[in-house]
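Participant: sequence first, then the predicted structure:
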Amino acid sequence: MGVFLDSVPFSGIIRIRDMMYSVKDPFRLDQGDVSFDSPDTVKNAMRLAIDENRSHYLQTTGVPRLLELLAEKLRQKNAIPVGGPDEVMVTTGGIHGLYIICQALLEPDDEVIVPEPEWPPCVGSIIAAKGVPVPCPLHEHLGWRFDLAELASKITARTRAIYINSPGNPTGGVLTREDIQSISDLCRERDIWLISDEAYEDVIFEGEHVSAASLAGMYDRTISLFTFSKSYAMTGLRLGYVVAKDAVLRDRMKKVLFYTASNIASVVQFGGIGALEGSQAPIAEFRTELEARRDLFYAGLREAAGHIFTGEAPHGAFYAFVRINPEWVPPAGSPTSRSWAMTEFLISKGRIGCVPGVDFGVNGEGYLRFCFARDRKELTGALESMKALFA
């Protein structure tokens with residue numbers, strides 16, 4: 001029976017979502033979603049697909065034209081030496097892609113080293129595949145990156161893979177080329193896989209994005225995961241993709257894909273074709289505006305509650321992961337977790353959505369995550385509420 005699924009955690013984000021629905025006129029800085037609309041190229045392609053009755057079954061791994069475009073994008077933009085479209089398959093967003101990877105790769109009790117703090121579905125997907133997540137801290141003083149010696153010390157005889165997420169959720173940390181090269185060297189030396197989650201590849205403000213599979217010899221042992229959600233503001237449409245060279249692994253992933261989706265929604269796939277065939281200008285436009293919102297939020301946070309929250313602006317992604325002043329005294333009756341206490345306080349008293357750092361792992365306790373991808377009016381409103389709250 002599926003009793004083991006009882007050990008798979010739900011993200012606290014679900015609880016927060018329920019709390020926010022009871023708040024009048026909330027500031028939804030809890031949601032990891034952009035306020036932008038999808039480009040017209042996406043919407044027009046989906047309309048055309050509907051008009052042309054593209055509503056029937058498709059190939060399990062994806063529409064051939066979409067797979068061709070993705071293979072070319074991965075070669076040209078990510079420098080991954082993809083041999084052909086058969087090495088790519090589309091998924092129902094990034095979370096589905098990671099689930100498929102874990103189901104195909106892991107045997108019971110296999111260990112996967114994961115960064116902490118980290119996006120909750122990472123740990124959940126590993127546990128759902130009967131694997132064992134092994135957390136390795138990301139360090140604030142290193143720009144939310146690994147201590148590489150510490151990472152190496154986590155490898156055991158049961159280690160099957162290392163999972164990296166750069167830029168990262170919730171911290172916005174960006175691994176350097178040297179970091180990724182060192183992690184890749186570890187994987188080759190110890191004969192383990194690398195799972196590279198690159199959902200935020202287009203949201204980098206400082207530094208560069210490096211696809212691990214582009215490094216010499218790494219495509220053989222790297223499974224790379226991408227999504228349209230952040231690059232093209234398609235979060236609700238649920239379209240992602242994975243790429244892997246290993247044919248045996250791909251065959252396993254295809255089976256999981258078939259039994260969890262049969263095929264990804266047809267109209268959405270044609271929207272993906274529209275995104276890739278159309279102008280790529282919106283990606284840079286989104287990034288420029290997100291950087292402006294990042295700077296607006298951090299400047300406002302220093303003014304409104306600099307004595308309560310501290311932290312450096314992230315190099316990537318669109319989250320402010322900030323430390324709560326240890327001297328802040330929670331209201332009577334608050335949860336023992338400081339990050340949950342602050343979350344409940346901001347929601348109930350300030351109408352400000354956020355996510356407790358502990359939801360991303362024990363290394364996140366004492367922090368909060370705010371999403372600054374909301375529109376400027378909403379960010380400003382949240383900051384004004386915060387200023388009044390902590391005056």
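Facilitator: Sure, I can see it.
Participant: domains for this structure, by residue range?
Facilitator: 3-37+282-389, 40-277 (automatic domain parsing).
Participant: point out the most buried one among the ones you listed.
Facilitator: Using mean count of other Cβ atoms under 10 Å, the stretch among the domains of the chain with the largest mean neighbour count is domain 40-277, at a mean of 20. Any C-beta I mention is one placed from the backbone N, CA and C, and that applies to glycine too.
Participant: how far does that one sit from the chain's center?
Facilitator: Chain-centre distance of domain 40-277: 10 Å, with Cα atoms, centre = their mean, to the nearest Å.
Participant: could you redo the domains of the chain as JSON lines and give each row mean pLDDT?
Facilitator: Formatted as JSON lines, these follow (pLDDT from 0 to 100):
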{"stretch": "domain 3-37+282-389", "mean pLDDT": "95"}
{"stretch": "domain 40-277", "mean pLDDT": "98"}
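Participant: in three-state terms, label residue 224 for me.
Facilitator: With DSSP: H, G, I helix; E, B strand; the rest coil as the basis, the three-state label of residue 224 is strand.
Participant: wait, it sits on residue 214?
Facilitator: No. Applying Cβ atoms under 8 Å, one finds residue 224 not in contact with residue 214, separated by 9.2 Å.
Participant: now the common contact residues for these two.
Facilitator: Jointly contacting residue 224 and residue 214 under the rule Cβ atoms under 8 Å, 6 or more residues apart in numbering are 78, 80.
Participant: which helix or strand contains residue 321?
Facilitator: Here residue 321 sits within strand 319-324, counting by DSSP states H and E.
Participant: against which helices or strands is the helix or strand following that strand packed?
Facilitator: Later in the chain than strand 319-324, the nearest helix or strand by DSSP H and E is helix 338-350. Helix 338-350 sits against helix 12-21, strand 319-324, strand 355-356, strand 367-371, helix 376-389, with contacts defined as 3 or more Cβ pairs under 8 Å, 6 or more residues apart in numbering; DSSP states H and E.
Participant: give me the distance from helix 338-350 to the chain's centre.
Facilitator: For helix 338-350, the distance to the chain centre is 24 Å (Cα atoms, centre = their mean).
Participant: by how many degrees do that helix and helix 12-21 diverge?
Facilitator: In terms of direction (axes from the mean of the first three to the mean of the last three Cα atoms, to 10 degrees), helix 338-350 departs from helix 12-21 by 20 degrees.
Participant: quick one on the thing from earlier: which strands or helices does the strand holding residue 321 pack on?
Facilitator: Packed next to strand 319-324, using 3+ Cβ pairs under 8 Å, 6+ apart, are helix 281-305, strand 309-310, helix 338-350, strand 367-371.
Participant: who's in contact with residue 170?
Facilitator: 117, 118, 119, 317, 319, 321, 355, 357, 360, 364, 369.
Participant: any idea what the nearest residue to it once chain neighbours are set aside is bridged to?
Facilitator: Once flanking residues are discounted, residue 170 sits nearest to residue 369: 4.2 Å by Cβ to Cβ, 6 or more residues apart in numbering. Listed by DSSP bridges, the beta-bridge partners for residue 369 are residue 321, residue 355.
Participant: surely residue 369 touches residue 323?
Facilitator: No. Using Cβ under 8 Å, residue 369 is not in contact with residue 323, being 11.5 Å away.
Participant: ok, now which ones touch residue 249?
Facilitator: Residue 249 touches 104, 105, 223, counting by Cβ under 8 Å, 6+ apart.
Participant: got those as a markdown table, with distance to residue 39 columns?
Facilitator: Formatted as a markdown table, these follow (distance: Cβ to Cβ, whole Å):
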| residue | distance to residue 39 |
| --- | --- |
| 104 | 32 |
| 105 | 34 |
| 223 | 28 |
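Participant: what segments of the stretch 51-200 of the chain are helices?
Facilitator: Remark: helices assigned in the stretch 51-200 of the chain by DSSP state H, counting those that start in this stretch are 64-76, 93-105, 120-128, 148-153, 177-190.
Participant: so which of the ones you listed comes closest to residue 304?
Facilitator: helix 120-128 (27.8 Å; Cβ to Cβ).
Participant: and residue 114, how far from residue 240?
Facilitator: 19 Å (Cβ to Cβ, to the nearest Å).
Participant: ok, back up a step: any idea how far the strand holding residue 321 is from the middle of the chain?
Facilitator: Counting by Cα atoms, centre = their mean, strand 319-324 is centred 16 Å from the centre of its parent chain.
Participant: okay, the angle between that strand and helix 338-350?
Facilitator: Using the same axes, to 10 degrees: strand 319-324 against helix 338-350 is 100 degrees.
Participant: about what we covered before: for residue 59, state which of the contacts of residue 170 is nearest.
Facilitator: Nearest member of those to residue 59, counting by Cβ to Cβ, is residue 119, at 29.2 Å.
Participant: pull the contacting residues for that closest one.
Facilitator: Counting by Cβ under 8 Å, 6+ apart, residue 119 has contacts 165, 168, 169, 170, 197, 360.
Participant: mind listing residues that contact the strand holding residue 321?
Facilitator: 32, 117, 140, 144, 169-172, 294, 297-298, 301, 308-311, 313-314, 338-339, 342, 357, 364, 366-372.
Participant: picking that back up, out of the helices of the stretch 51-200 of the chain, the one nearest residue 250 is which?
Facilitator: Using Cβ to Cβ, those put helix 93-105 closest to residue 250, at 8.2 Å.
Participant: and the angle for the closest one with helix 120-128?
Facilitator: Between helix 93-105 and helix 120-128, the angle comes out at 20 degrees (the same axes, to 10 degrees).
Participant: for helix 93-105, packing partners?
Facilitator: Taking 3+ Cβ pairs under 8 Å, 6+ apart as the contact cut, helix 93-105 packs with helix 120-128, strand 193-197, strand 222-227, strand 240-243, helix 247-261.
Participant: save those as CSV, and put in distance to residue 8 too.
Facilitator: Shown next, in CSV, are the helices and strands packed on helix 93-105 (distance: least, Cβ to Cβ, whole Å):
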stretch, distance to residue 8
helix 120-128, 5
strand 193-197, 18
strand 222-227, 19
strand 240-243, 20
helix 247-261, 15
